[in-house]
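Undergrad: Structure for this input, please:
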Amino acid sequence: MTPSHTNLATGIPSSKVKYSRLSSTDDGYIDLQFKKSSQKKSPPKISYKAIVLAMVLFLIGTFLIIIGSLLLAGYIRKGEADRAVPVLIIGNLVFLPGFYHLCIAYYAS
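TA: Here you go, the predicted model:
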């Protein structure tokens, strides 16, 4: 005696499920998926906080890159030139996400 399998989703034993073939003319599409909805969609909301944050990151990163470059070139004398490298690294780490998100905001507009 073999155990009968049951369909867990419906609880119907598999021996009582009837299958039928799909028609050969069915291409897998229905008309409803191409019908436009009659409801008007509101325009997407603009996230001003994200744009301001991206701008702040961009400006701080630009400022740190400029200061780091001036430290490295010797125009600003605050100790040794070793302090310029961390300032440049932090400036790049802050500048890149700000620049990226400002570009996305620009292209979205």
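
Undergrad: average pLDDT across stretch 90-109?
TA: Stretch 90-109 shows an average pLDDT of 94 in the prediction.

Undergrad: Mind listing residues that contact that stretch?
TA: 50-51, 53-65, 67-68 (CB atoms under 8 Å, 6 or more residues apart in numbering). For glycine as for every other residue, the C-beta is placed from the backbone atoms N, C-alpha and C.

Undergrad: just stretch 63-75 next, same as before
TA: Counting by CB under 8 Å, 6+ apart, 76, 78, 81, 83-85, 87-88, 90-92, 94-95 sit against stretch 63-75.

Undergrad: Quick one: low-confidence residue ranges for this protein.
TA: 1-15, 17, 20-24, 26-33, 37-40, 81 (pLDDT under 70).

Undergrad: the helices in it, which residues?
TA: 48-73, 84-108 (DSSP state H).

Undergrad: Please identify the buried residues of stretch 41-60?
TA: Across stretch 41-60, burial judged by 16 or more other CB atoms under 10 Å covers Ile51, Ala54, Leu57, Phe58.

Undergrad: hmm, back to that, in CSV: the helices of the chain, plus distance to Lys35.
TA: As requested, the helices of the chain are exported to CSV (distance: least, CB to CB, whole Å):
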stretch, distance to Lys35
helix 48-73, 34
helix 84-108, 28
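
Undergrad: of all those, which lies closest to Thr25?
TA: Nearest to Thr25 among those is helix 84-108; the distance by CB to CB comes to 42.4 Å.
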